[in-house]
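Colleague: with the input below, show me the fold.
(chains A and B)
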There are 2 protein chains.
Amino acid sequence: MTDVDEPAPARRGRPGYDREQMLSGAVRVFNEQGYDATSVAALTERLGLSKAALYHHFDSKEQVLDASLERALGPLEAVLVTPEATTGTAISRLAAVLRGAVHVLVAELPHVTLLLRVRGNSEVERRALDRRRSFDQRIAGLVRDAQREGSVRSDIEASVAARLLFGTVNSIVEWYRPGGPETADRLADDVVAVALDGLRTPDAEA
Amino acid sequence: MTDVDEPAPARRGRPGYDREQMLSGAVRVFNEQGYDATSVAALTERLGLSKAALYHHFDSKEQVLDASLERALGPLEAVLVTPEATTGTAISRLAAVLRGAVHVLVAELPHVTLLLRVRGNSEVERRALDRRRSFDQRIAGLVRDAQREGSVRSDIEASVAARLLFGTVNSIVEWYRPGGPETADRLADDVVAVALDGLRTPDAEA
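Modeller: Have a look, this model is predicted:
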């Protein structure tokens, strides 16, 4: 990519942002300041680049949002069609989806964070919410299948169970920071353990 | 006070908001538009009242925020000192705190929603985050006590378990709407069941 014009003083002479760097920079700013509250002018100023540089890669702020949401939704949807999520018992498929979702959250943390804050104020946001809704329905369907096969308790409504499960998974974005002591694999194990088997030691009295 | 609902031209001549109505109206606007993004002018316009009316009850927008966060934090902290949360086995105390927290979330939904979105941009917000942090540490301490008494599995780090537990609880604000089929009691039962015993039917194979 060519140089960015109007660079911040310290960045003078450095090469400009490519599309990928611009996307991650923008998403960082959106997550800090809120997407709606961030104008294109404020965004480019924070990134130390010109509007022209942004518009070289993206048609609009909304297209940046769309690209970011795709980074979250695409891999989450892909989890649903892996062999582990489509073959075997319903409870093993459910465990595979939980595990896969944790990995996507960790790998695409800023994009998933943005996705979870989307409120439906534009067409791009509404499309993302529709895709989230379909995803949630697939999870509820998996819980229902597992209830039918007898592997998941039937005293909790499937849609409530699905919401609580993904509440647990999604809450990870609030505190997980890459590079900490908790690896994605370990975290996925913990989530599956808590979600399916609970915290209680087997046979312990309440 | 008389009841006031949606502000609109139709309200002309009706009595003004009292402090409580102003607080809940303001919190609804903050949750819809974001606290930082809502100026006093925009807030009072949305509520259909004058700045003077707002300033009659509150010194500043920040004081409104403070009052709202207290509505969430006060009851949550009160849960920690109930007899159920301070006597008995650690796992029964943990269950009591989870159950109590769900009830607070349901009873104070808009205030807890606002609390969970606070990012620490002001002194009021930082104080609230400090209180949340203390609360979370108390939960982690309870999990640790339960691990020591042998009632909670020790293969998950207490602080991670506490975060996942309250991730599950806090996620309720994203979808729970009062008046739906799920009562607070039922929801509290479901959360405790999933958190402590998991979704899996006892003895089911993964």
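
Colleague: any residue of the helix or strand bottoming out on mean pLDDT in chain A touching chain B?
Modeller: Counting by mean pLDDT, DSSP states H and E, chain A has its least confident helix or strand at helix A:172-175, which shows a mean of 90. Yes: contact between helix A:172-175 and chain B, assessed by Cβ under 8 Å from any Cβ of the partner chain, occurs at A:172, A:174-175. C-beta coordinates here come from the backbone N, C-alpha and C atoms, glycine included.

Colleague: same deal with stretch A:44-59?
Modeller: No: using Cβ under 8 Å from any Cβ, stretch A:44-59 never reaches chain B; the gap is at least 15.2 Å.

Colleague: tell me which residues of that stretch come out buried.
Modeller: For stretch A:44-59, the neighbour count (16 or more other Cβ atoms under 10 Å in any protein chain shown) marks A:44, A:46-50, A:53-54, A:56-58 as buried.

Colleague: how far is that stretch from where the chain is centred?
Modeller: 24 Å (Cα atoms, centre = their mean, to the nearest Å).

Colleague: same question, stretch A:118-130
Modeller: On Cα atoms, centre = their mean, the centre of stretch A:118-130 falls 14 Å from the chain's centre.

Colleague: how about that stretch as CSV, C-alpha atoms only?
Modeller: Taking Å, rounded to 0.1, in the frame of the first residue of the first chain, the C-alpha atoms of stretch A:118-130 are listed here in CSV:
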residue,chain,number,x,y,z
VAL,A,118,-24.5,-4.1,17.9
ARG,A,119,-28.0,-2.7,18.6
GLY,A,120,-29.6,-2.7,15.2
ASN,A,121,-29.3,1.0,14.3
SER,A,122,-28.6,0.4,10.6
GLU,A,123,-29.1,-2.1,7.9
VAL,A,124,-25.7,-3.6,8.4
GLU,A,125,-26.4,-4.0,12.1
ARG,A,126,-29.8,-5.5,11.5
ARG,A,127,-28.4,-8.1,9.1
ALA,A,128,-25.8,-9.0,11.7
LEU,A,129,-28.5,-9.4,14.4
ASP,A,130,-30.4,-11.6,12.1
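
Colleague: quick check: A:R132 vs chain B, distance?
Modeller: The gap separating A:R132 from chain B is 11 Å, by Cβ to the nearest Cβ, to the nearest Å.

Colleague: how about the longest helix anywhere in chain A: buried residues?
Modeller: Secondary structure of chain A read by DSSP state H shows that its longest helix is helix A:123-148. By neighbour count on 16+ other Cβ under 10 Å, the buried set for helix A:123-148 is A:124-125, A:128, A:131-132, A:135-136, A:138-140, A:142-147.

Colleague: pick the one among those closest to A:E70.
Modeller: Relative to A:E70, the closest of the buried residues of helix A:123-148 is A:A128; by Cβ to Cβ it sits at 8.6 Å.

Colleague: quick one on the thing from earlier: quick check: mean pLDDT across the longest helix of chain A?
Modeller: Regarding helix A:123-148, the rounded mean pLDDT is 96.

Colleague: please apply the same query to stretch A:179-193.
Modeller: The model assigns stretch A:179-193 a mean pLDDT of 88.

Colleague: quick check: buried residues in it?
Modeller: Residues of stretch A:179-193 classed as buried by neighbour count (16+ other Cβ under 10 Å): A:182, A:184, A:187-188, A:190-193.

Colleague: how long is that stretch from one end to the other?
Modeller: By Cα to Cα, to the nearest Å, the extent of stretch A:179-193 from end to end equals 22 Å.

Colleague: contacts for it?
Modeller: With contact meaning Cβ atoms under 8 Å, 6 or more residues apart in numbering or on different chains, stretch A:179-193 is reached by A:95, A:98-99, A:102-103, A:106-107, A:168-169, A:172, A:176, B:153, B:155-157, B:160-161, B:164.
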